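> Show me how the following folds:
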Amino acid sequence: MIPDWSQIQSFAAVAEHGSLSAAARARNGSQPTLSRHIAQLEATLGLRLFDRSSGGMVLTEDGATLLTHAATMADAAARFDAAQGGHGADLSGTVRLTASHVVANFILPPILTDLHRAHPGLQIEVIASDTTENLLRREADIALRMYRPTQNDVIARHIADLPLGAYAAPAYLDRHGTPDRLEDFAHHTIIGYDRSTLIIDGFAQRGFHAGRDFFAFRSDDQVLCWHMVIAGFGIGFGQRRVGDADPRVMRIADESQVGTMPLWLTAHPDLRRIPRVRRVYDWLARHLT
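Numbering: from 1, shown residues only. All right, here's what the predicted structure looks like:
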């Protein structure tokens, strides 16, 4: 008996996300449905695909083997869907973007507003996420990423190097003064990331060595870090395109910059042949360069 395609999709989702609950959230589905699909697939194949534990769903050896084939099937299905959707010149319909939380919250809104005015038939979905969505499997049509994509079979265009700067609220600088050099940061309250080493690496490139404990406040949620800067907690870092436009903060001298962040615009080649996706791709490239 050939397994149902929906069962295979559910299997791949649970394998990717590690639990029924996480897979259900990602697919906008329900845990009972996913659980039923997994049970039906195991019964059809006569195999145990997952070891169940309190920590989630762990692939068995048989499950790992099947996942390889499931991924191949998903990629083929995505190519078929993209190919059949590439004809015609209709600019109506949905285009799904994924971008980091900072880009999605602070940079995209005016760009997408102008896009909507120019093409009101387009419907835009945005996944604000710092994780990597799979373009080939239609988790997104277009991705804006802060690193060169490693996924095979995608078109990646380096469209900008976004300069970064150090910022603080005027109230904080009134209380503690403004550092003149990077070394002066050692005497200030600094806001930084938790697991990400982006700021630490930027310091090191300029001869200033600091560890994770250097930061009085740590979070990998960069939007939260920015709000802590606005609140006056301490000195933090952000894209100058965002910080220079925010009247609630002041940029510290250029010597305090921690480098630049690359911005890559990515899409699957098949999807770029769909007129509405190509139009959004070109619009983003023009307005972000």
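
> contacts, neighbours, all on C-alpha from now
Will do.

> which residues are contacting stretch 63-76?
When contacts are defined by CA atoms under 8 Å, 6 or more residues apart in numbering, stretch 63-76 is touched by residues I8, Q9, F11, A12, A15, R48, L49, F50, L136, R137.

> Could you list the low-confidence segments of the stretch 51-200 of the chain?
Low-confidence segments of the stretch 51-200 of the chain, defined by pLDDT under 70: 74-90, 132-138, 151-152.

> now do 50
The model of the stretch 51-200 of the chain has pLDDT under 50 over residues 86-88.

> Spatially, which two of the contacts of stretch 63-76 are the most separated?
R48 and L136 (28.0 Å; CA to CA).

> Neighbour count for these two, which is higher?
L136 (24 against 16; other CA atoms under 10 Å).

> Pull the contacting residues for H116.
L122.

> Give me the secondary structure label for it.
Following DSSP: H, G, I helix; E, B strand; the rest coil, we place H116 in the helix state.

> Repeat that for V58.
Going by three-state DSSP: V58 is strand.

> distance of it from A231?
Here the criterion is CA to CA, to the nearest Å. By it, V58 lies 42 Å from A231.

> hey, where'd the strands end up in the stretch 151-289 of the chain?
155-168, 191-192, 217-218, 236-239, 250-251, 260-267 (DSSP state E, counting those that start in this stretch).

> I meant the stretch 1-150 of the chain, not that one.
Going by DSSP E, counting those that start in this stretch, the stretch 1-150 of the chain shows strands at 50-53, 56-59, 93-99, 122-128, 142-145.

> May I have the third one exported as CSV, CA atoms only?
Once side chains and other backbone atoms are set aside, the C-alpha atoms of strand 93-99 remain, and they are given as CSV (Å, rounded to 0.1, in the frame of the first residue of the first chain):
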residue,chain,number,x,y,z
GLY,A,93,-2.0,36.6,-5.4
THR,A,94,0.2,35.9,-2.5
VAL,A,95,4.0,36.2,-2.1
ARG,A,96,5.5,34.9,1.1
LEU,A,97,8.7,36.6,2.4
THR,A,98,11.0,35.7,5.3
ALA,A,99,13.3,38.1,7.0
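
> Which neighbouring elements make contact with it?
Packing contacts for strand 93-99, counted by 3 or more CA pairs under 8 Å, 6 or more residues apart in numbering; DSSP states H and E, involve strand 122-128, strand 142-145, helix 275-288.

> so which of these comes closest to G243?
helix 275-288 (16.0 Å).

> And that closest one, what's buried?
By 16 or more other CA atoms under 10 Å, the buried positions in helix 275-288 come out as P275, R276, V277, R278, R279, V280, Y281, L284, A285.

> One more: stretch 172-184?
Quick answer for stretch 172-184 (16+ other CA under 10 Å): Y172, L173, T178, P179, L182.

> now, which of these sits nearest P109?
Closest to P109, out of all of the buried residues of stretch 172-184 and judged by CA to CA, is Y172, at 28.7 Å.

> distance of the closest residue to that closest one other than its chain neighbours from A245?
Distances taken as CA to CA, 6 or more residues apart in numbering put G232 closest to Y172, at 5.1 Å, once the chain neighbours are dropped. Applying CA to CA, the value for G232 to A245 is 17 Å.

> Going by how many neighbours each has, rank these two and give me the top one.
Shown here are G232 and A245; by other CA under 10 Å, G232 has more neighbours (19 against 11).
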